[in-house]
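Trainee: Got a sequence here, can you model it:
(one chain, ligands or ions: 2)
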Amino acid sequence: MKIAQIKLKVISMPLKSPFHTHLGTVSEREGIIVEVIDSDGISGYGEGVAFSTPWYTEETVSTSLHIMSDVLIPLLKKRPIKHPKDAAILFQSVRRNHMAKAGLEMAIWDLYAKRNSLSLSRAIGGTRREIASGVVVAADSLTNSLKQIEKYLGEGYQRFKIKINPSQDYSVLEAIRRYYPELLLMADANSAYTLNDIDKLRALDDFNLLMIEQPLASDDIIEHSLLQKEINTPICLDESIVSFDDAKNAVELGSCKIINIKAGRVGGLYEAKRIHDYCLEKEIEVWCGGMIEFGISRAHNIALASLPGFTIPGDISASNRFWEEDIIMPEVCVRNGYVCVPDTSGIGFGINKKRLKETTQIEKVFNFENK
Ligand SMILES: O=C(O)CCC(=O)c1ccccc1C(=O)O
Ligand SMILES: [Mg+2]
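Mentor: Ligands and ions are numbered 1, 2, ... in the order given. Below is the predicted model:
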């Protein structure tokens, strides 16, 4: 692969309605669209999924843009890349900054797949033709949560997730279960609890939840292993797992029974696949998490979730869950509860150039010297 040029575009788009967690509210989503163009003029696309502020991880759009521009792209200029894995390994000389790395690495995966006339799913070893779709519902008020469950059930979604915190958990889940006793339901706490809340967390065993996601601190693996021994609901780790080693430690310690894999959080598809392969071997279930992302990252998620170990419906919702108009064509659609895995080359979605242009705030172009 001879990279000729890389373009970074910071885009910004309002959400259809604000997304609330106990950590804050996202109403406008910024992201970084990465285009890696080779010497034959073929483009691969990736997406930097850091948020504008560091509420979910320490990275932001500004830090990602800096690390891509001033650290990672200069590394790519120095070393030739034959396979996307080479980029992942090259980036290991830089500490953390996983979302910045993933944005570039995933664009290189798309380019690699396109150059080899493979779908991205095939290129990474995917086996599924369709992906069971799950969705996160609003938690701002009980009325709104119930309204959204009704609406998304009607659209076919198969698994429902609600954000919880110690001030509303029991009452919200109890109400949902009263109306929907059989719903495939899970809760995401985004680290809203401590081990002092063990009784509150144990009480949630009443609701037959599929899992509780990231109840304790965002960088913890030890305390989750203590908590898992005290509650029946399976713990799923999200924020705590930023690498293969984290996944291995968490599984060995019994800190979780399920792992949410997000390629952005772990530095790209190579690391995501390593975690997947390990979990498959250890019979730990995995699912693909979401980042309120745009279509390019959604397309990558679809390819990732086509791997055989992704047995639980992920946060893989349609483009229209968050956006009036996405930046890809066609948009991601959910039909009868499933998203189709494209079999055309690369990510399998085109770019909606008009939408991309009207949402672009900053554009940076990096030219590679090719001898
Ligand atoms: O559907 C989605 O895009 C994911 C919704 C979600 O829970 C989330 C959204 C943004 C950042 C982190 C998380 C999370 O999984 O914790
Ligand atoms: Mg989560």
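Trainee: can we go C-alpha only for contacts and neighbour counts from here?
Mentor: OK.
Trainee: in this structure, which segments are predicted with low confidence?
Mentor: 371 (pLDDT under 70).
Trainee: Give me every residue in it that's in contact range of ligand 1.
Mentor: Residues of the chain lying near ligand 1 by Cα under 6 Å from any ligand atom: Y56, V135, V136, N190, G289, G290, M291, I292, E293, D315.
Trainee: List phi and psi for the fifth one.
Mentor: Recorded main-chain torsions at G289 are phi -80, psi 160, according to degrees, to the nearest 10.
Trainee: and it, what is it in contact with?
Mentor: N260, I261, K262, G314, D315, I316 (Cα atoms under 8 Å, 6 or more residues apart in numbering).
Trainee: L237: which of the residues you listed is nearest?
Mentor: N260 (6.1 Å; Cα to Cα).
Trainee: and the closest one, how many residues sit next to it?
Mentor: 24 (other Cα atoms under 10 Å).
Trainee: so where's the longest strand in the chain?
Mentor: strand 3-21 (DSSP state E).
Trainee: three-state assignment of V36?
Mentor: strand (DSSP: H, G, I helix; E, B strand; the rest coil).
Trainee: re earlier: now do the longest strand of the chain: which elements does it pack against?
Mentor: Contact partners of strand 3-21 among helices and strands, from 3 or more Cα pairs under 8 Å, 6 or more residues apart in numbering; DSSP states H and E: strand 24-38, helix 353-359, strand 360-367.
Trainee: partner strands of the following helix or strand past the longest one, parallel or antiparallel?
Mentor: This means strand 24-38. Moving toward the C-terminus from strand 24-38, the next helix or strand (DSSP states H and E) is strand 43-48. In the sheet, strand 43-48 lines up against strand 24-38 (antiparallel) (DSSP bridges).
Trainee: Check the offset of the strand it pairs with from the chain's centre.
Mentor: Offset of strand 24-38 from its chain centre (Cα atoms, centre = their mean, to the nearest Å): 13 Å.
Trainee: Can you give me the domain assignment for the chain?
Mentor: 3-118+351-367, 122-340 (automatic domain parsing).
Trainee: isn't there a helix covering D326?
Mentor: No: using three-state DSSP, the assignment for D326 is coil, not a helix.
Trainee: Do I have it right that it meets G295?
Mentor: Yes: the criterion here is Cα atoms under 8 Å, and D326 meets it with G295 at 6.1 Å.
Trainee: one step back: and the residues of the chain next to ligand 1, which two are the farthest apart?
Mentor: Pairwise across those, and taking Cα to Cα, the largest span is found between Y56 and V135, at 18.5 Å.
Trainee: The two: which is more packed in?
Mentor: Shown here are Y56 and V135; by other Cα under 10 Å, V135 has more neighbours (23 against 17).
Trainee: Let me see the backbone angles for that one.
Mentor: According to degrees, to the nearest 10, V135 has phi -150, psi 150.
Trainee: Check the secondary structure at the residue in the stretch 1-150 of the chain that ligand 1 sits nearest to for me.
Mentor: As assessed by Cα to the nearest ligand atom, ligand 1 sits closest to V136 within the stretch 1-150 of the chain, at 5.2 Å. Recorded secondary structure, V136: strand (three-state DSSP).
Trainee: Could you find the closest non-adjacent residue to it?
Mentor: Spatial nearest neighbour of V136, excluding adjacent residues (Cα to Cα, 6 or more residues apart in numbering): K161 at 4.6 Å.
Trainee: All the helices of this protein, residue numbers only.
Mentor: Secondary structure of the chain, counting by DSSP state H: helices at 61-67, 73-78, 84-90, 98-115, 120-124, 142-154, 169-179, 198-203, 222-230, 244-253, 263-266, 269-282, 295-305, 353-359.
Trainee: could the ones you listed go into TSV alongside distance to N370 and mean neighbour count?
Mentor: Converted to TSV, the helices of the chain look like this (distance: least, Cα to Cα, whole Å; neighbours: other Cα atoms under 10 Å):
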stretch	distance to N370	mean neighbour count
helix 61-67	23	19
helix 73-78	9	16
helix 84-90	18	19
helix 98-115	17	28
helix 120-124	26	23
helix 142-154	50	16
helix 169-179	57	16
helix 198-203	58	15
helix 222-230	49	17
helix 244-253	34	17
helix 263-266	29	28
helix 269-282	26	19
helix 295-305	27	27
helix 353-359	27	14
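Trainee: Can you add distance to E213 and give those helices back as CSV?
Mentor: CSV is the format used below for the helices of the chain (distance: least, Cα to Cα, whole Å):
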stretch, distance to E213
helix 61-67, 25
helix 73-78, 34
helix 84-90, 27
helix 98-115, 20
helix 120-124, 26
helix 142-154, 18
helix 169-179, 13
helix 198-203, 12
helix 222-230, 11
helix 244-253, 14
helix 263-266, 15
helix 269-282, 17
helix 295-305, 18
helix 353-359, 32
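Trainee: which stretch among those comes nearest I3?
Mentor: Nearest of these (Cα to Cα): helix 73-78, 8.3 Å.
Trainee: now the closest one, how far from the chain's geometric center?
Mentor: 26 Å.
Trainee: same deal with stretch 155-172?
Mentor: Worked out by Cα atoms, centre = their mean, stretch 155-172 lies 19 Å from the chain centre.
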